[in-house]
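Participant: can you look at this prediction? I've put the sequence above it.
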Amino acid sequence: MKNRSVDIRTIFKLALHHKKAFIYGQLITLAAIIISIPVPLMLPVMVDEVLLHKPHYIVPAIDKLFGSGSAFYYIALVAAVVIFLRFLYYFLTVVTTKIFTKISKYVTFMIRRHLLTHLQYTSMNAYETLGSGAITANLITDIDTLDAFIMNSASKFVASVLTLLAVGIVMIAIDPILGILILFVQPLIMFISKKMSTRIGELKAKENQAIAEFQEDVGETLELFGQIKASNKEEYFFSKSIEQAKKIKETSNAFGFKSVAYEKLSYTIFLSVFELIRATGLLLVAYSDLSIGMMFAMFGYIWFIMTPVQDILSMQYSYASAKAALGRINKVLTLKHEANGREKIQTKALDISLSNLSFSYESSDKEVLKDITFDVPYGSKIALIGASGSGKTTLAQIISGFYEKKSGTLAYNNIEIENLDRHSLRAKIFLVLQMPILFNATLRFNITMGNENIDDTALIRALETAQLSEMLAGMPDGLDTIVGHHGIRLSGGQRQRLSIARMIVADPSVVIFDESTSALDVHTETKLFVALEPLLKDKTVITIAHRLSTVKNADRIYVLNEGKIVQQGTHEELEQQEGHYYEFIKEQLL
Ligand SMILES: Nc1ncnc2c1ncn2[C@@H]1O[C@H](COP(=O)(O)OP(=O)(O)OP(=O)(O)O)[C@@H](O)[C@H]1O
């Protein structure tokens, strides 16, 4: 799939990847239609030929092929043939359903894969504009809507149109007036129902929107269940979720009721027209040469074409829903990819330089970082301090290639980030977060992140350095112990140290500690840094911290305030100056 966005044409192009199956499917459908067309005709014709004693087509043919017989003989024979044809028709439709199901599942898989591949490269800035709830709904509900549409269009639509065409020809051959009347009325009814289907699509979109919002909201509430309870806010959060659930009730109520109302309305109009057609049939028997048997056959056809017409009508609804689903899917597919260049970082050494860098989140116009300029030579130890909300974490995330800057330059070994291969960058920089998020998997997976080349000895050594030997010894299944959703079975401090163990095995060139030891007691923190010292010696270390002891020994300290660097220098230089750093020291001494 080359194009980013998908439309109805893309769906059909994908379906044609299985060209052979598609053609077979259509041919078998055609065969099924040919078999089904004479079925409604055969027994009613016996009214004329056997009951009214006017042998015309079937009775002379039976006489010729199998010899003549009683009324029972003719009727039983024709009934047996009709039943056989019905079973044959059933068998062929099962085969076509199998073929088209395979095609539709292939197409939906390809679209899902396309969405997931796109998401994989989506920039964090763009991702946050939609959120996980909306995207999950896209991946599940909207793709299911497309699935239904593909089944309807690929198998039923062509079959229905062909059936109507064939029945039309047969009907005109039997009686031109009745046949033409039916053929004229069909498109008219379809036109009316098409008008209604647009409205249904809008209602479905509203319902899906409400479901996505609920999913996002309830997902968050359940995820933060513990925190909500701790802050005594159950009432607030759960009533918010109930409000969202109410919205689903209202929108699905509107959709459920109105879609059925509209669908049934077109159906009722359809049936009324059939009644008129039936009356016309009776009149034609009374006033023209239409036989009673043929009139019954016509009535049979009226019922017979109900299914294809109904399928064509539902095809219009499913088309409208598919269009709405495609609109939402394309919203995800047009999310900006993060810039990814070709140049790779070949050396272990990594010099970082920022110049006039500014940044704001997509969700607000506020500039979070303004005009940041500084260099981080390889091997240097840098500290970033500043009040809460001054932009330290944001800056760390931009340096790690997580968020994309808005302006200015950011270069690694003099290669601008836009020209840099992101994988090679992320392999070199490790950001240790204050609140690391863990996977609901084993301890081993959470440290190696799926890298199977790391052996257990290295893992145990990393855990030891991270001061987690005791925790490991207490784990029932050792490295195979499951840590729970988001690492719920571990304490905050253990999670932080696990993230440090993750960093140790990743062995990056640059480590950024973003208040990553804030949950540790001073004693453990000291032991941790002593153990880490030899490992960090030849690495660049950027530390974001609130403790003077952690910051003091840095080669250079940068003080951020409201997104700007307001002071920089060594501890000795800065403690001489009046300003934020001086205040920072004073606070620590109090
Ligand atoms: N994902 C986000 N979307 C929108 N705004 C954000 C986002 N993350 C942070 N901000 C805002 O950006 C500003 C800087 O936040 P940041 O987390 O970088 O500060 P910080 O200095 O690391 O704070 P702290 O010391 O409390 O961790 C704040 O005003 C914050 O509200």
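Facilitator: That came through, no problem. Residues are numbered from 1 along each chain as shown.
Participant: part of a strand, is Ser355?
Facilitator: Yes. Judged by DSSP: H, G, I helix; E, B strand; the rest coil, Ser355 forms part of a strand.
Participant: from what I can see it touches Thr373, true?
Facilitator: Yes. In this structure, Ser355 is within contact of Thr373 by CB atoms under 8 Å, at 5.0 Å. All C-beta spots, glycine's among them, are computed from the backbone N, C-alpha and C.
Participant: shared neighbours of the two, anything?
Facilitator: Gly408 (CB atoms under 8 Å, 6 or more residues apart in numbering).
Participant: in the stretch 201-350 of the chain, what residue lies closest to the ligand?
Facilitator: Among the residues of the stretch 201-350 of the chain, Glu220 lies closest to the ligand, at 14.2 Å counting by CB to the nearest ligand atom.
Participant: name the helix or strand for that residue, please.
Facilitator: helix 176-223 (DSSP states H and E).
Participant: what is that helix packed up against?
Facilitator: Helices and strands touching helix 176-223, by 3 or more CB pairs under 8 Å, 6 or more residues apart in numbering; DSSP states H and E, are helix 132-137, helix 158-174, helix 234-287, helix 306-333.
Participant: helices or strands up against the next helix or strand after it?
Facilitator: The C-terminal neighbour of helix 176-223 among helices and strands, as given by DSSP H and E, is helix 225-230. Judged by 3+ CB pairs under 8 Å, 6+ apart, helix 225-230 is in contact with no other helix or strand.
Participant: flag every buried residue along stretch 425-434.
Facilitator: Residues of stretch 425-434 classed as buried: Leu425, Lys428, Ile429, Phe430, Leu431, Val432, Leu433, Gln434 (neighbour count, 16 or more other CB atoms under 10 Å).
Participant: got the residues you listed as CSV, with pLDDT and secondary structure columns?
Facilitator: Shown next, in CSV, are these (pLDDT from 0 to 100; DSSP: H, G, I helix; E, B strand; the rest coil):
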residue, pLDDT, secondary structure
Leu425, 89, helix
Lys428, 92, coil
Ile429, 93, strand
Phe430, 93, strand
Leu431, 91, strand
Val432, 90, strand
Leu433, 86, coil
Gln434, 84, coil
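Participant: distance to the ligand added to those residues, as a markdown table?
Facilitator: Listed next are the buried residues of stretch 425-434 as a markdown table, based on distance: CB to the nearest ligand atom, whole Å:
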| residue | distance to the ligand |
| --- | --- |
| Leu425 | 20 |
| Lys428 | 22 |
| Ile429 | 17 |
| Phe430 | 17 |
| Leu431 | 12 |
| Val432 | 14 |
| Leu433 | 10 |
| Gln434 | 7 |
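Participant: quick check on Asp538: phi, psi?
Facilitator: Dihedral angles of Asp538 (phi, psi; degrees, to the nearest 10) stand at phi -100, psi 30.
Participant: can you get me a residue count around the closest residue in space to it that isn't next to it in sequence?
Facilitator: Spatial nearest neighbour of Asp538, excluding adjacent residues (CB to CB, 6 or more residues apart in numbering): Gly379 at 6.1 Å. For Gly379, the number of neighbouring residues by other CB atoms under 10 Å comes to 17.
Participant: one more: Ala297?
Facilitator: Neighbourhood size, Ala297 [other CB under 10 Å]: 26.
Participant: element containing it, please.
Facilitator: Per DSSP H and E: helix 292-304 holds Ala297.
Participant: show me what that helix is packed against.
Facilitator: Helix 292-304 sits against helix 39-46, helix 158-174, helix 234-287, with contacts defined as 3+ CB pairs under 8 Å, 6+ apart.
Participant: ok, 6 Å please
Facilitator: Judged by 3 or more CB pairs under 6 Å, 6 or more residues apart in numbering; DSSP states H and E, helix 292-304 is in contact with helix 39-46, helix 234-287.
Participant: what mean pLDDT does the shortest one get?
Facilitator: So the one you mean is helix 39-46. For helix 39-46, mean pLDDT is 89.
Participant: which residues sit against that helix?
Facilitator: For helix 39-46, the surrounding residues in contact (CB atoms under 6 Å, 6 or more residues apart in numbering) are Ile58, Ile75, Val78, Val82, Leu85, Gly293, Phe296, Ala297, Gly300, Tyr301, Phe304.
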